Structures are given as C-alpha cells and as structure tokens.
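In: need a 3D model of the following:
(4 chains, ligands or ions: 4)
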Amino acid sequence: MALDGSLPVETRLEMQRRMLRIRLFDERASKMVKRGQIPGTVHTSIGQEAQVVGACMALQTGDHITGNHRSHGHPIGMGSDLGPLMAELVGKATGVCRGKGGSLHLADRAVGSLGESGITGSSIPIAVGAGFSAQVLNEGRVAMCFFGDGAANQGVLYEAMNLASAWKLPVIFLCENNHYALSTPAHTVTGGRICDRAQGFGMPGVRVENGQEILDVHAAVAEAAERARSGAGPTLVEVMTYRFREHSEGLRINVDYRNVDERELWTSRDPIVLHRAHLIDEGLADASTMDAIQSEIEEEVEACVRFALDSPDPDPAVAFEDLYTDAYDLEDVK
Amino acid sequence: MALDGSLPVETRLEMQRRMLRIRLFDERASKMVKRGQIPGTVHTSIGQEAQVVGACMALQTGDHITGNHRSHGHPIGMGSDLGPLMAELVGKATGVCRGKGGSLHLADRAVGSLGESGITGSSIPIAVGAGFSAQVLNEGRVAMCFFGDGAANQGVLYEAMNLASAWKLPVIFLCENNHYALSTPAHTVTGGRICDRAQGFGMPGVRVENGQEILDVHAAVAEAAERARSGAGPTLVEVMTYRFREHSEGLRINVDYRNVDERELWTSRDPIVLHRAHLIDEGLADASTMDAIQSEIEEEVEACVRFALDSPDPDPAVAFEDLYTDAYDLEDVK
Amino acid sequence: MSIMTYIAAIGAAQEEAMVADDRVVVIGEDVEANVYGTTGGGKERAEQGDFVQRFGRSRVRNTPIAEEAIVGCAIGAAMTGLRPIVDLSYSSFLYMAMDQFVNQAAKNRYMFGGQSSIPAVFRSAMFYSLSTGAHHSDRPYPMFMGVPGLKVMAPASASDAKGLLRQAVDSEDPVLTFEAVPLWGAKEEVQDGEYRIPFGQARTRREGGDVTLVAISGSVPVALKAAEKMAGTGVECEVIDPRTLVPLDTKTIVESVMRTGRLVIAEPAHRTCGAAAEIAAVVAEEAYSSLKAPIRRVCARDMQVPFSPALEEQIYPTTERIVAAIEAVTRD
Amino acid sequence: MSIMTYIAAIGAAQEEAMVADDRVVVIGEDVEANVYGTTGGGKERAEQGDFVQRFGRSRVRNTPIAEEAIVGCAIGAAMTGLRPIVDLSYSSFLYMAMDQFVNQAAKNRYMFGGQSSIPAVFRSAMFYSLSTGAHHSDRPYPMFMGVPGLKVMAPASASDAKGLLRQAVDSEDPVLTFEAVPLWGAKEEVQDGEYRIPFGQARTRREGGDVTLVAISGSVPVALKAAEKMAGTGVECEVIDPRTLVPLDTKTIVESVMRTGRLVIAEPAHRTCGAAAEIAAVVAEEAYSSLKAPIRRVCARDMQVPFSPALEEQIYPTTERIVAAIEAVTRD
Ligand SMILES: Cc1ncc(C[n+]2csc(CCOP(=O)(O)OP(=O)(O)O)c2C)c(N)n1
Ligand SMILES: Cc1ncc(C[n+]2csc(CCOP(=O)(O)OP(=O)(O)O)c2C)c(N)n1
Ligand SMILES: [Mg+2]
Ligand SMILES: [Mg+2]
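Out: Numbers count the residues shown, from 1 in each chain, chains lettered A, B, ... in the order given. Ligands and ions are numbered 1, 2, ... in the order given. A predicted model of the protein is given here:
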C-alpha cells in the first residue's frame, strides 16, 4: 500500500485480472453446462466479482479460505490456476480434485483454499478451525469463510462466530449478501440485518453497502484481516451485491421472484465496468492497457477450456482412492 | 392486574406458593437422590425460583412452554400437580410420563408443558412450532422456551429466533442466565451479551438484571407475552440469576470454579426471602400468613413424596408402549 | 387410472392432503416458487395448481435455510394441532437436523408417556447418479431405520409414492420419506382419486420361484431389469419392494425365501449397516433352514460419491452387478 | 503391567499423546475442570496430573456448548496442522454435529482428491443402563459405521481403550471413539508405557469350538458371563470382540464361524441396522456353507430407553438373553 493508503497500480490491475477471470470462466462454464460438456450444474459468481476478489486480495499468502456452492470465484480470487479448476468442472483426471469434487467441491491448497461446500453453512466452522490452528501454532495466519445471505440464517454460523469471538481467533466471516437464497428474497426470511448480528457475539459487524466497488470491499476486509492478525479477534463483513444470472445454470424458476427494475439497477453496477472506469479516470491505465488485460484473460480462459476438454477421464480405480490416508485395497470396497 | 399496574395480592401470594413448591420439591429431590430413592440425578432450580415462576405466571392458560435439563421448576411454575412429577422422578407408574421420562424429561400437557429436554437447546424450536400452530390456527396462544446461558451458544437458538422473527410468531425466548454452564463460566465462552443478540434478528432483547426479584421477571415476560399475542412477534428475555447448588445433585467438581464471595453475594439474594419481605413490607400479608403458606407447601411436598414412594413400579410391558400411536405388538420388538 | 410420473404423484398426494385437511401445511425452502416441482401445477403462478394461490401463504411457507429449526418447528406444530409436511429437498440436508429427528421427533412421544403425538411428514429426495457430487448424493435412510420412533418410507414407483405419502400424512407419528430422484420421471398407472397404501406391506413386483430379489427405492427398476435378463437364462426371480423400511414387511420376504431358498438384496445406500444388512440378518435368522446359498448384497460401495461421470456409476448397484450376484447364488 | 480402570486408561492415552506431540490439543465442554475424568490426575487442580496446569490453556480448552462448531473447528484445525482430540462427553450429543461428521469429516479428503487429511479424534461416551433417560442413553455407533470416511472404535476393556485411543490419535483420518460408561470402572492389566493397537484386528476373549459369540462394547463382559454359564453345560463359546467397527475384522469372525458353524452377536445398539446386522450379513454371505444354525442377534430392543429402573434393563442384551440365544442355536 502507498503511504496515502491507496493500493499500488499493479494490485489494482491484478484485481481487474482476477475479476475478469471469474467473469469469463463462469460465462464459459455456463455455456459448457448448456452443451453438456460440464455434468450437473454450476453456480456462477457473475456480478459478484468485486465482492469475491476484493475480499480474497485482502488476504496474504498462507491465509486460508473456505467457501460454498457459488464456488469458482473463491479459488480464482485467491489466484488458482484455471486449467485444473475447469478440468474439475468437466470431471477430468487433471482436475484440481482429480475429478472427484466437481464444481461444488473445489479446493486448491496451493492458494490456501481449504474447500468449497455444497452444504450451505457447513464450511464455516472449518475456517474457524484454521484460525484455531493459526493461534495455537502461532503462525500469524488468517482464515476467511464465504457464505451467502441464505446461509446466514443457519445456526452453525452463530456457533462459529461465538467460538471465534470467545477464543479471539483470526477469522473473517464474509457474507455475500446477493439478496436472494435461490428463489427466496432475503428480507422475507431474515429477521434484522445480518451485519447487526455481530455485535451480540462480541465482534464488529460491518456492511459494505456497495459491494460492486472492489476497493470498498477490499478496504473492509483488509481492516478485518489486520484486526484478526493483531490478535483482536474475528469480524463479520457483510457485502451487499447481486448475482446477475439465475441461481444455477439451467435452473428455470417459473415465478418472477426478482423484478426487472431491480435487476436493471444492479446490472448497471457491473463491478468490472466500474473498476475499469476508475482506473482510466484516475489516469492509472488507459483503455488499451485494459483491453490488453481483457484479451490476455480471454486467452487464458480459452486455454483452460482446451486443457479441460483435452484431458483424459480419470481411471475408474481413482474412485476408490483418497477416502482414507491408509492404502485401501480396492477389492475390499464392497 | 390492578389499574395502577400492580398485581392482585392473590397473584403475588400464588407466586410465593409456586416458588416455595419449587424450592421444597427440589430440596426434597436432592435428598432423595442422595438416599438412592431417585435414580440417576436431578438438576435443581434452587435460587432461580423467581426467574422460573415470574416467567411462567406471565403466561395464560392454553399457552405452551418447553424447557431443559433444569426441569422441575418449569412445570411447577405452570401449576403442575406435584405428585405425578415426583413419582416421575422416582420412576413410578403414576409418574406424569408413566415413569419413562424421569427428571430430565418432564412434560405435563395439563398445564401447557410440552416437555423438557435433556439435550440443551433442542427444545427451543419445539416452542417455535407451538407458536407457528398458534398463528396458523389463529388460537391466540403464546409459546415460551426456557434455556440456559450455555445453551444460548447453540446455533439452533439463532435459527429458531430468526424463524420466529421472520414469521412474527408468538414466541418468548427465555434465557436463564445463571452465569455458568456446568463448570464453565459464561463469560469465558460467550462473545458479547446474550440479550444483545436479539436485535440483529429483528426482535427486542431485554435483560432482567435482577432475576431474583420476581416482579421484575414477571413484568418483562408479561410485556413479551403481550407483544407476542398482539402479533408483533417474538422477544428474547435474558434473566440474570444464580443456581445456589451444584450443577446436578451428587456431582463433585474438583476445581473451585465459583468463588465464595460470588456465591455469598448471590445466596444473600434469595428470591423467596425477598418476595416474602416485599409482601410484608407492603402490608399485603403478615408473617403468619406467609408462615401458613410455607407450612401448606411443606405438607404438599411431603404428600407428593409419599405418593411417589407408595406408588407401584410400572409394569415391564409399559416399556414397549407409546413409541408409536399405532398399537405395537410387544412380540414384534426384538 | 391415469399415467403419472413419480414426481407428479408426490405433488398430487400433497395437493389432495392440503384440500382434505386445513391442518396440513407445507413448509420448506423455496416451496412458494415450486422450485422442486411438488407445490404447483403449471409453469406460471397464474396457471392453475399453484399452492400459494390455492392455499395461501399461511399454509405454504418458504423457510429460511435452517433445517434444525424447520424440523423442530414442524415437530412443535404437530404436537399442537397442525399436520406439517416439511420439504427438505435433498436428503443430504437431513444431517443438519439430526438432533431434532433423533432426540425430538423419535423420542418425545415415548419419553413423555404418550402425552403428545407428532403427525409430521419429512420429505426429502435422494439425488444420486446425477453428477451432483459427494455433498448432494446421499442415500441416508438406513441411519433413520435404526432410530425407533420414526417411520421410514422409500417408494419406487408413482402409484406407491402417491398412496404412501397420503398414508404418511394420515399417520399420527413422524414419517420420513426418501424419494428417488432417478425415478422422478418414471411413469406408472395411478389410481384416480384418493387412496392410501398401508405401511409395512411389501409389493411383489415380479413373481418367481428360483431367487428372491429384494430391491429398495431406485434399485427396484434396476432389479427388475436384472430379473428380466435372468429369465432369459431360465432363472425366475421374485422381485420384492418393501416400500416402507420402518415398519418392514419381513414376513413377505421370509416367506419368499422359504420358497426360493436364495436371496439377493439390492439398494442404493452404502453397504455397511444398510437396509440390506438388516434384511440379510433377518433372513439368516428366520429362514435359515430354507437357505440354499449365501445371501448376497448389492449395495452402493462403501465410498463417498465421486463427481466425474467416468467414476460415479460404479458406486451404485447396476444391472450387471445384480445379475452377477444372482448368478453366484444360483451357481451353488 | 499395572492394573488400571477403563476410564483411567483413556486418560492415560490422552496424556501420553499430549506429552508426545505438541500438536495434540484437547477441546470440549468442561474439559478444563476435568468434569468427565480424563483430563486430570488428582482431585484438586494443585495435584499432579491436571491437564490445564501441565499443558496450558492453549492446548486444553473449554468450548461453548456448540457441538456443530466444535466438531467443524476440530476438522479445520486438523486440516491445518493440529491433531485435536475432541471430548464430546455423551454420545447422545453427536447428532448436533452430524452434518460436520458426515459432510465434512468423512467427505473432505475424498472429494478434494486427497489434498488435506483430517487427523482428529472425536471421543464420546455411551451412558446407558444408568437411569439417564432417553436423551442420555444413546449408543449411536452404527449410524457412523455407514459413513465411509470415518473410522469407528468401541473398546471393551482398559488395555484396548488405551492402545486403540493412542492409535486413533496417530491416525491421519478422523476417528470416532465410542466409550462404554458401564465399563468405566472395569479394571484390567495394562501394559506400561506407550503402545498402540492396530485398527481392524479383533480380540478373541475366549476360545471355543461350539459357537462363535461376537460381542461389542459393553456387551463383551455380558457375553463372557454367558459363555462361562454355557461352559458349565458343555457348550464352548468363542468370544470375539471386534474392537474397531470400521475397519471391521471380518476375517477373524468368518474363520471362527467356519470352525463353529454357529453365530450369536451381542451389542448394546438398536437391533435394526446395527453392527450385528452387518456382521450377520457378512457371515451369511461368506461363511454360509459352514453355518449349522440360524444366526441370532441379541441387541438393544428397537425401543427408546425408558427412565425407570423397573423398565430399563430389559432393553439391553442381558446374560439371560445371550444364553437363550446360544441355547437356541445349539439346539438345532
Ligand atoms: C444445508 C443446505 N440446505 C439447503 C441447500 C440448498 N441450497 C443450495 S444453495 C441455496 C441458496 C443459498 O443461498 P445463499 O446462501 O444466499 O447463497 P447464494 O446462492 O445466494 O450465493 C440453497 C437453499 C443446501 N445446499 N444446503
Ligand atoms: C447438546 C448438549 N451438549 C451438552 C450437554 C451436557 N450438558 C448438560 S447441562 C450442561 C450445561 C448447561 O448450561 P446452561 O445452558 O447454562 O444451563 P444451566 O445448567 O446453567 O441451567 C451441559 C454442558 C447436553 N445436555 N446437551
Ligand atoms: Mg444469496
Ligand atoms: Mg447456566
């Protein structure tokens, strides 16, 4: 960070790169679901890139994250290689989880990603555990968990927040409030404001009102990370954002649960467009630099798709590995 | 209630009766555990009578409660017959649960008691369900759940609070904060204040600072009940109190987790002594009236013990009844 | 009679129950928008059949994502006058509410000496064999079979799904239904109007005197295919679907094995401590003297479920694995 | 060798593990005050052996009552460098953390392709036959046997408890230990110093050629008594304690049945889908040809646990019930 608190240009360009990676990766993945190239479905982070990347880039090497079903953005935000991620979505041997996880269950220890969880809320205490080990082993690490406004109504979050608070663990609870859990508007099933729930658990709760501005997200999470690393304990950060697409690709909901005005308002706040404009307005980059970044990422994403499609399927025997660390005899698994 | 908001004398005398019933019932039960007349153990509410009775007496006939392992006070507070309660503790055929529940699992539908739970926190959503049925069936009932400061760290409470808040259910969450969960001081495992946790879930949270004063408890719960009945939704009421005895009878903890000064301070605030003094000071009753009440309850408790001890054991076949509503053939249960 | 899919049959039973009794309510995540296809007839809310329009938001309610509170709330509501149907969507989410199932739903009536009963239905669907990955592919019904106080049903066809669900709503005790998503689209002739199928009565899907083939849930059609194949080689299998697992119709199974002397059991749950283990144990005790061959189980292998389609299918019982088991027991 | 109680053996294994490896931590409700008797030596904190004094509050921590978060926290900590021992006290509280056990502890390593392992031990004690009522008398280990990815141990004696727990702490995979409270006070000669008992190796507690009697956890001493009684009538039972249920030493059991031709299984869990069902099913497949009689299970009856002492005992396997089962299989 510069003396005036502003981020280095390179960091801000990297933010754009990572946001673009998420956008283009997810757009591509969506098409591949439609074409049957990706089995099952995927949940895209399109529209939420600032919230994801702003949070991830406020962490340091060695820190840990856990995530949820809206999963690709988190490892990408931490800097994952795209190839093994896409190969995982396709179910290939070269997948980051050997083809055994799929979209919902990405993990990439290389960048500190302990794993996404298809069960909402379920990975929250895992991050608390990573904070616990950091404290006992005195390793100066921080752990962050991502979860949605829907998951914010699950009890395990409050158990986890309380535990982290009582033990002053270096944990950040990052709520991605995109206003909906599947077809359910948050306000219809949520008493009070999520950020206001922190205080009663003895920790600060902050809300980033405009989660489409990556610097706002980054600043809030950086402060939480500093607090965590200093030993002062956890923070709950609620980021207000919006998903531009349907809950999951291919899902059709026959009720108009999000109205057009709202959708238009939010899609007009595209985090990638906004950040690009800021960089240009502030004279930190010109349009051609930004275009070059865009092309560079486009190529990267095309390459990851090729890598995925060209990779071999996992050997059937791989299905019987990794359950335990002990060698397990295939014959034994009946 | 009188026009000036004060409670009728008869109500205040009944408060004393019910507190005495709890005190004497529990003192007797404690002795019976020691003598082996009650199998297993019991958790007494001695010291917490104002908190229990003040809350129960703020409800109306038809309302429901659920409770926890510190269990006898709740049905007694609602007006249960002592005989079947004590018989239940002893494991007799005449027990309120036919001898199948025991101390931890009292229920007495006759007074609206849906059941105590040995699993801390587990009965909280049951009360929310009673509130839900009240709302759907439009029955004007209220439901209250009792739980401790320890259980207040369980996730299910926050799921339940949020659900009750989102649906505006007529529910009262009554936290019996006696400062300890078994050997664990609340402040060592609790982030923030429990009452402050309500606001973030969109409901009022109030704290009764002196839970040894029955009128304070009653007033707070009566207000919550009125709010619930009016359709305005749930309230969290945290009552600060103290258990005078060990967590459970017979348990010996070798570490001095509660210091003497603290214990003396709190035992000097005996809710029964305090309420008696108030009644006499306010000229509502004289010492002899109060003594008579005491003797009356003493006799009642002795009678319930006799009833329990004189009752027959349940027939062994009773163990195979009540699992399902369908007739179940004993032979079938292998 | 009309032809109906499995999923439509569930919707139909639910609708009939809602119409028949005002105390029946449906709660769950995303039930208002009919995301899982059992709370609305048409594609648009305006079309006929939408539950919210027909029954109102008091009786059809979206819940927060809070399985423990939802299940507990349904239990409490059932104890005090409602007859809730809880849509938990994926069976994989039941673990979140395990305490409520085991410690409240199953135990309350018993330990309180019968003071309250709990007429609640907990619906959940087993998504598997659909590339949904380890977190969304569970088939956890055996866990619940071992919890006395719960009733457990696992229909394998449209007509069974409808009649059993209706019976479940009528039950005064908590019922868990495990629906098989691989069968959602499977069609069958279904009786018109209301009907109920009593619990504890197996359905013999095919008669045969050589081998008893007990199959559960999604394994029923697979078993029928295997039986068909074996018939070509002159081996006649009697295919029995228990339909409800608690209570379990051991009588029909034992009687069949007494005739055939051979037993193969197929199910989509893990092998260890599954329903097949229970059935094998019952038969090894009660039909021992008639047994002419080892009892074979064909279950999901004791692995978690891998995502890649190149890996997943081998986890579950396939026609080939069932055929191999039948061949093995007839060889002896 | 020294004589040690079952509960002391657990404390000793825990202590040795804490001394041997700084990454081992103990967390749980009320562990600091040694409420459950395995985190301190003496009666007073000042006396030698108190874990808090010896290892400090960083490594011995009271938790809030929050089983789901505790278990999840241990999993996350295990994935990132610690080796937690979680004391969950009563087995009845495991349901509260079921999602963490099934969806995180059991699945993480597998679905992430082996990127992390989870060396964590989850201890819990089965209180039963002690008038603790339906909420505190669970014996839920069979539920966990059906969850691939978890290891499950259920020691029945002091020396097994110590050696298996030490092995569990060494395991790179999550282990659930189910301790039998009725055996807490039972004494046995225990090897001095550190030792480990490998998982998946049954212990033959008594040899005999007439009947194989497999017994689990608290049923082992009851089975030994029954075997003693039968020996008086000239029937020699081979009493086998599997000790670990996942992995399960089916080889020892099957070999024994091949010799004896008869099998009785006793366990304190519910009958339906219990460990006994699994063992019966394995034997009905693998030792069918040697079987000379029906396989008999003697389990807890499929009931919840009543409180009254006049009612409770008949729920569990008793010496009489086991003797009756042995007589039945030897009669044929
Ligand atoms: C325990 C559990 N319950 C329900 C689901 C089904 N489900 C998957 S995503 C989802 C909505 C989640 O909403 P939110 O947490 O706001 O995340 P978002 O999808 O909006 O990013 C639901 C209900 C689940 N996966 N896990
Ligand atoms: C889920 C669960 N975890 C742990 C326990 C063991 N336990 C019984 S009472 C108790 C302490 C409860 O403390 P609190 O809620 O404050 O109630 P209090 O005993 O102080 O009235 C504990 C830990 C339990 N019964 N249930
Ligand atoms: Mg959301
Ligand atoms: Mg307390």
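In: which stretches of chain A form strands?
Out: A:64-67, A:113-116, A:143-148, A:171-177, A:180-181, A:184-185, A:205-208, A:235-240 (DSSP state E).
In: any chance of those in TSV, with distance to ligand 2 and mean pLDDT too?
Out: In this view, the C-beta of every residue, glycine as well, is placed from N, C-alpha and C. As requested, the strands of chain A are exported to TSV (distance: least, Cβ to the nearest ligand atom, whole Å; pLDDT from 0 to 100):
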stretch	distance to ligand 2	mean pLDDT
strand A:64-67	24	98
strand A:113-116	26	98
strand A:143-148	23	99
strand A:171-177	23	99
strand A:180-181	27	98
strand A:184-185	29	98
strand A:205-208	25	98
strand A:235-240	24	99
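In: and ligand 3, which of those is closest to it?
Out: Of all these, strand A:143-148 sits nearest to ligand 3, with 3.6 Å by Cβ to the ion.
In: check contacts around residue A:103.
Out: A:29, A:38, A:40, A:41, A:42, A:43, A:71, A:72, A:88, A:89, C:133 (Cβ atoms under 8 Å, 6 or more residues apart in numbering or on different chains).
In: which of the residues you listed sits closest to ligand 4?
Out: residue A:71 (39.6 Å).
In: in a markdown table, list the strands of chain A along with distance to chain C and mean neighbour count.
Out: Shown next, in a markdown table, are the strands of chain A (distance: least, Cβ to the nearest Cβ, whole Å; neighbours: other Cβ atoms under 10 Å in any protein chain shown):
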| stretch | distance to chain C | mean neighbour count |
| --- | --- | --- |
| strand A:64-67 | 13 | 30 |
| strand A:113-116 | 9 | 28 |
| strand A:143-148 | 9 | 30 |
| strand A:171-177 | 13 | 29 |
| strand A:180-181 | 6 | 22 |
| strand A:184-185 | 5 | 20 |
| strand A:205-208 | 18 | 20 |
| strand A:235-240 | 16 | 26 |
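In: format those as CSV; extra columns: distance to residue D:263.
Out: CSV is the format used below for these (distance: least, Cβ to Cβ, whole Å):
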stretch, distance to residue D:263
strand A:64-67, 46
strand A:113-116, 42
strand A:143-148, 49
strand A:171-177, 51
strand A:180-181, 51
strand A:184-185, 53
strand A:205-208, 60
strand A:235-240, 56
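In: strands of the stretch 201-332 of chain C, start to end?
Out: For the stretch 201-332 of chain C, applying DSSP state E, counting those that start in this stretch gives strands covering C:203-206, C:211-215, C:237-241, C:244-246, C:263-270, C:296-300.
In: how about those strands in a markdown table, adding mean pLDDT?
Out: Shown next, in a markdown table, are those (pLDDT from 0 to 100):
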| stretch | mean pLDDT |
| --- | --- |
| strand C:203-206 | 98 |
| strand C:211-215 | 98 |
| strand C:237-241 | 98 |
| strand C:244-246 | 98 |
| strand C:263-270 | 98 |
| strand C:296-300 | 98 |
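In: and of those strands, who's closest to chain B?
Out: strand C:244-246 (9.7 Å; Cβ to the nearest Cβ).
In: pLDDT wise, what is residue A:334 at?
Out: For residue A:334, the model assigns a pLDDT of 77.
In: surely it and residue C:302 touch.
Out: Yes: Residue A:334 is within contact range of residue C:302, at 6.6 Å (criterion: Cβ atoms under 8 Å).
In: which residues touch the residue of the stretch 51-200 of chain A found nearest ligand 2?
Out: In the stretch 51-200 of chain A, the residue found nearest to ligand 2 is residue A:159; the distance is 11.2 Å by Cβ to the nearest ligand atom. Each residue near residue A:159 by Cβ under 8 Å, 6+ apart is listed here: A:125, B:153, B:154, B:155, D:64, D:66, D:68, D:69.
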